[in-house]
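*Asks:* build me a model from this:
(one chain, ligands or ions: 1)
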Amino acid sequence: MAAYKLFVLPGDGIGPEIMAEVEKITAWLTREGIVGFEIEKGLVGGAAYDVHGVAISDADMARAEAADAVLLAAVGGPKWDGVPYDVRPEAGLLRLRKDMALFANLRPAICYPALADASSLKRELVDGLDLMIVRELTGGVYFGEPKQIIDLGNGQKRAIDTQVYDTYEIERIGRVAFELARKRRNKVTSSEKRNVMKSGVLWNEVITALRAREYPDVELEHQLADALGMQLVRRPKQFDVIVTDNLFGDMLSDVAAMLTGSLGMLPSASLGETNPQTGTRKALYEPVHGSAPDIAGRGVANPIAMIGSLAMALRYSFGLGAIADKIEGAISGVLDKGLRTADIAAGAKETLSTAQMGDAILEELRIAFK
Ligand code: NAD
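*Replies:* Residues are numbered from 1 along each chain as shown. The predicted structure follows:
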């Protein structure tokens, strides 16, 4: 059995607690001969700072680069509030994204029917929702130069950020979106502000041309980013894959997250360029939520976003979509039975600890493989 090299970074706060539940599943999959994993563990965030004085060491960075996929839980917490800016816990996450050139951020928003009442929208709008936001992660206004505050000398200052996109950056994120759509419901919605921004005009042209040239079989529509924000809360089930830039993606993906009811449910993936020689790509998988210091150490955190991140790694890094489906099915099955951790407990028969939820998902998985 081939073994996939998984580099695991539990990080801070609830990170180690939820990662332990993933490790139960990887150990079981390996024991059963379903998927082989070679797991290495490293330190990131405050945990790395306490040992190495940096948010991720060079040695762990090299391990991340050499792995088939990196699985990260969460970083940060009040313990490290006073540490120098460049070694603060988040710097570890930013270095991973930058050094591995992870330009595509995939954030699925899935609303499990059993949890539809936890959404801020009416059940009929979100029940069965399954959309994917593909956000450009390494370009745009967060990185464009010049980026500065100038003193105008007359008591006024001027702040400048620059929105810049080159054709290749739009094409490569567009390809990620079209490829994903082909494996889903075959529809891409591209979003920008071409009515007021030149970068939006180019974005629109490049995505339209890319589709005509390489993906004529995929349905493409364009929506202005403000209108799309409105449509996301009006009729979210109209979307399949949404592709957008770094700034709009940052906001729209948070809106989409809230449609699903709970932060503890949402996984994400950040992908780099495909290596033409090997066909593989660098990738980091992590929950959308943070280290939840308010509940850390109590064994009550919800491990579902973390386990969902493992499922994404299987699907997008290892091509094991059928096994990913089984893991997601196991999550759904547990929720259908009314089993809940405290964060999603409204109306629950029983509240489970982190470890009990992990065990319940593993039990469903066992049944699915029988
Ligand atoms: P958070 O996501 O950690 O927590 C927000 C709220 O959601 C808290 O009440 C928390 O208890 C709850 N929550 C989050 N995940 C949960 C889970 N799996 N199960 C049950 N409840 C859960 O965000 P925050 O409180 O704003 O930030 C806390 C720390 O995390 C900060 O240091 C912040 O910088 C860091 N952070 C890290 C990441 C990351 O590692 N990617 C992302 C966001 C925030």
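*Asks:* helix, strand or coil: sort out the residue of the stretch 1-150 of the chain found nearest the ligand for me.
*Replies:* For the stretch 1-150 of the chain, the residue closest to the ligand is G76, as judged by Cβ to the nearest ligand atom, at 2.6 Å. Heads up, the C-betas are built off the backbone N, CA and C, glycines and all. What DSSP: H, G, I helix; E, B strand; the rest coil gives for G76 is coil.
*Asks:* count the residues that sit near the closest residue to L232 other than its chain neighbours.
*Replies:* Of all residues not flanking L232 in the chain, V255 sits nearest, at 5.3 Å (Cβ to Cβ, 6 or more residues apart in numbering). The local packing count at V255 equals 16, with neighbours defined by other Cβ atoms under 10 Å.
*Asks:* who's in contact with the nearest residue to M265 once chain neighbours are set aside?
*Replies:* Ranked by Cβ to Cβ, 6+ apart and with sequence neighbours excluded, the top spatial neighbour of M265 is I304, at 5.2 Å. Contact analysis of I304 by Cβ atoms under 8 Å, 6 or more residues apart in numbering lists G264, M265, I331, T341, M357, I361.
*Asks:* how many neighbouring residues does the closest residue to the ligand within the stretch 251-370 of the chain have?
*Replies:* Nearest residue of the stretch 251-370 of the chain to the ligand, counting by Cβ to the nearest ligand atom: G290, 2.4 Å away. G290 has 19 neighbours, counted by other Cβ under 10 Å.
*Asks:* bridging residues for the nearest residue to it once chain neighbours are set aside?
*Replies:* Spatial nearest neighbour of G290, excluding adjacent residues (Cβ to Cβ, 6+ apart): A74 at 5.1 Å. Using DSSP bridges, the beta-bridge partners of A74 come out as G11.
*Asks:* from F178, how far off is A74?
*Replies:* The gap separating A74 from F178 is 31 Å, by Cβ to Cβ, to the nearest Å.
*Asks:* can you tell me if stretch 55-62 touches the ligand.
*Replies:* No. Judged by Cβ under 6 Å from any ligand atom, stretch 55-62 and the ligand are separated, with a smallest distance of 11.0 Å.
*Asks:* now do stretch 267-276
*Replies:* No. Stretch 267-276 lies out of reach of the ligand by Cβ under 6 Å from any ligand atom, never closer than 8.6 Å.
*Asks:* buried residues, that stretch. List them.
*Replies:* Within stretch 267-276, the residues that count as buried by 16 or more other Cβ atoms under 10 Å are P267, S268, A269, S270, L271, G272.
*Asks:* check contacts around D130.
*Replies:* Neighbour list for D130: P108, A109, I110, C111, R184 [criterion: Cβ under 8 Å, 6+ apart].
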